[in-house]
Structures are given as C-alpha cells and as structure tokens.
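**Student:** Predicted model and sequence below, questions to follow.
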Amino acid sequence: MGAAYSAGQVDHLYNFFVECSPDVYIKKKKKHCKSCLSKKKDPNSYIKDEDMTAEKGRRTSKNWEIISAKEKSYLSRCGSVESEPEENEYEDEEDFPVLSDESQLLNDYQLQKLAAHMPARTQGYQWNLVYSTAVHGSSLKTLYRNMADLQSPVLLVIKDMHNKVFGAFSSDPFRVSKYCYGTGETFLFSFNPDFQQYTWSGENSYFVSGNWESLQIGGGGGGFALWLDADLYHGASFSCPTFHNAPLSTHEDFIVQDIEVWTVLN
C-alpha cells in the first residue's frame, strides 16, 4: 500500500529534496538571444526582416549585366572584372615544345605558334638543334653534313638583317639531290610580326631541292619561295605556285643574320 501525506508534509518533503539536489529540482530560466528579445518587443520586426531579405535579393539580381567581349577585356585590364583563363591558354601550354637547346631566334609566342601548326605526327616530340650559324658557322656544306644521318622532318628558321623571322618546315631533312623531294606537309611561315603560314597549294611538287651552291624551297614560277646561297649569307624570297606565298621577308633579296635548323625526332 502507498503512504498518504498531508499538504504540509509534501511541502516539507519537497523543500528537503530541493536542498539536497538544487540542480534537479530548481527550474532554470531560459535565456533568449538579443534578436529574439527584440522581435518579441517589436512585432513589426518580422516585417522588417522580410523587407531586408527582399531588398538583398533585389541588390543581388542587379550585380550582373551583359557586356561585350571587348568591354570585358578592357574592364579586366582595369581590374574591374575578375578574369578567367581562356581555353586557348591551356591549349598553348600543351603546344609548347620541349627544346634540346634554347633558341636564339624564336621567342615563346613564335615557338607555340609553330608547334601548333606542325603536322600531328611531330606533336609531343623533342626539338633538337641540328644546325646553327652561331655554333657551326655559315656554311651550307656543314648544314648538309649535320643532317646526313637524319630521317626526320626539320624546321628552318631564318632571321635577316631587318630582324624579320621566317622560314620553312620540311617533311624531309635537307640534302643534295638532283630532283625535288618532300611531301605536302612542307610549309612556309613568317612573323611580320603576326604568324603567317603558307601551305602546299597542290599546283606542283617543287618542295625542296638542294645542291652544293644553294638550297631552294618552292618553285615553278619566276623565283623560289626561299633561296639561300652556299655561304648562308645571301637569300631571296619570291611568290611561287607551290605555296601561293607572299615574299617571306620585307625585301625579296635579303642578308642573313642567323639561321637555326631544328629536327623533330619521331
């Protein structure tokens, strides 16, 4: 059976438990944050919060606008627009070739342009410097001799006394031959200062020919697309049917300042 207690005994017993365990039997008052108290005090605060949220949304929606590419480029330079990397930047990084030696004639821009326009079978292979007038002297015989054992394509780079850079990519290494050689992969290029490429027109197959007196690239018309003498000192460049090219230098007859020939091993 349960025991019965009077009201006085219950109060006395409750006070006893409170004294023994105040943490259990004393109810703590709930604390309210300042924002809750302010909302409780001001019934219009909920309306104000909603108005602020709507205003924030309106401000956010006006933070963008459609601009042209030219405007974006201008604002990016001024620091007003956060620029993002273009896809072409990553492509250029992938196109940048690995060189055995530092080029004295080609800067990074020119190297990237040439690498990007060379045949697919050359992509990913190292460029080796096979001939340089700065290292080997100015001699067509030396140029031929340095390529005697090669079977890979080559890149001829010329810098004239007017500081114009131009040249040719040949599908075959340069050699002395009675007949023209090469394939439709052969092309001409120039930087004046923008990159210009002249590919095979298909009109004839006078790609490359060479003897001990000169090296000729392109022909079939009144002159060669590119011609160099035995001393690699005098050169000439004319329009020709093989490539339908413009003269590569600013002068049809030019004086050579330096030459580099790179081979692409594949």
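**Tutor:** That came through, no problem.
**Student:** what's the nearest residue to His117 once chain neighbours are set aside in contact with, if anything?
**Tutor:** Closest residue to His117 apart from its sequence neighbours, by Cβ to Cβ, 6 or more residues apart in numbering: Gln197 at 5.4 Å. To be clear about C-beta, it is placed using only N, CA and C from the backbone, and glycine gets the same treatment. Contact analysis of Gln197 by Cβ atoms under 8 Å, 6 or more residues apart in numbering lists 117, 187-189.
**Student:** Taking those residues together, which two end up most distant?
**Tutor:** His117 and Leu188 (11.1 Å; Cβ to Cβ).
**Student:** The two: who's more crowded?
**Tutor:** Ranked by neighbour count (other Cβ atoms under 10 Å), His117 and Leu188 place Leu188 first, with 26 against 14.
**Student:** do you know how far the residue nearest to that one when sequence neighbours are not counted is from Arg145?
**Tutor:** Once flanking residues are discounted, Leu188 sits nearest to Tyr198: 4.2 Å by Cβ to Cβ, 6+ apart. According to Cβ to Cβ, to the nearest Å, Tyr198 stands 29 Å off from Arg145.
**Student:** next one: Leu228
**Tutor:** From Leu228 across to Arg145, the span is 16 Å (Cβ to Cβ).
**Student:** Of these two, give the one with the bigger neighbour count.
**Tutor:** The residue with more neighbours, out of Leu228 and Arg145, is Leu228; 25 against 12, by other Cβ under 10 Å.
**Student:** Assumed that one was part of a strand.
**Tutor:** Yes. Under DSSP: H, G, I helix; E, B strand; the rest coil, Leu228 sits within a strand.
**Student:** beta partners of it?
**Tutor:** Beta-bridge pairing of Leu228 under DSSP bridges involves Leu215, Gly235.
**Student:** circling back to that earlier point, I figured the residue nearest to Leu188 hits Phe189, correct?
**Tutor:** Yes. Counting by Cβ atoms under 8 Å, Tyr198 does reach Phe189; the two are 7.2 Å apart.
**Student:** where exactly do the helices run in the stretch 101-250 of the chain?
**Tutor:** 108-117, 133-136, 140-146 (DSSP state H, counting those that start in this stretch).
**Student:** Please enumerate the strands of the protein.
**Tutor:** 127-132, 154-160, 165-170, 187-191, 195-198, 208-210, 214-217, 226-229, 234-236, 253-264 (DSSP state E).
**Student:** Please convert the ones you listed to CSV, extending it with distance to Val98.
**Tutor:** Output for those, formatted as CSV (distance: least, Cβ to Cβ, whole Å):
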stretch, distance to Val98
strand 127-132, 7
strand 154-160, 14
strand 165-170, 17
strand 187-191, 20
strand 195-198, 20
strand 208-210, 26
strand 214-217, 26
strand 226-229, 27
strand 234-236, 29
strand 253-264, 11
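**Student:** I'd like to know which of those strands lies nearest to Glu102.
**Tutor:** Taking Cβ to Cβ, strand 127-132 is the member of the strands of the chain nearest to Glu102, at 8.9 Å.
**Student:** Give me the residues contacting the closest one.
**Tutor:** Outside of strand 127-132, the residues within contact range by Cβ under 8 Å, 6+ apart are 97-101, 103-104, 135, 142-143, 146-147, 150, 154-155, 258-265.
**Student:** Which one's more surrounded, Tyr198 and Phe189?
**Tutor:** Taking neighbours as other Cβ under 10 Å, Tyr198 and Phe189 compare with Phe189 leading, 24 against 20.
**Student:** Good, we can wrap up now.
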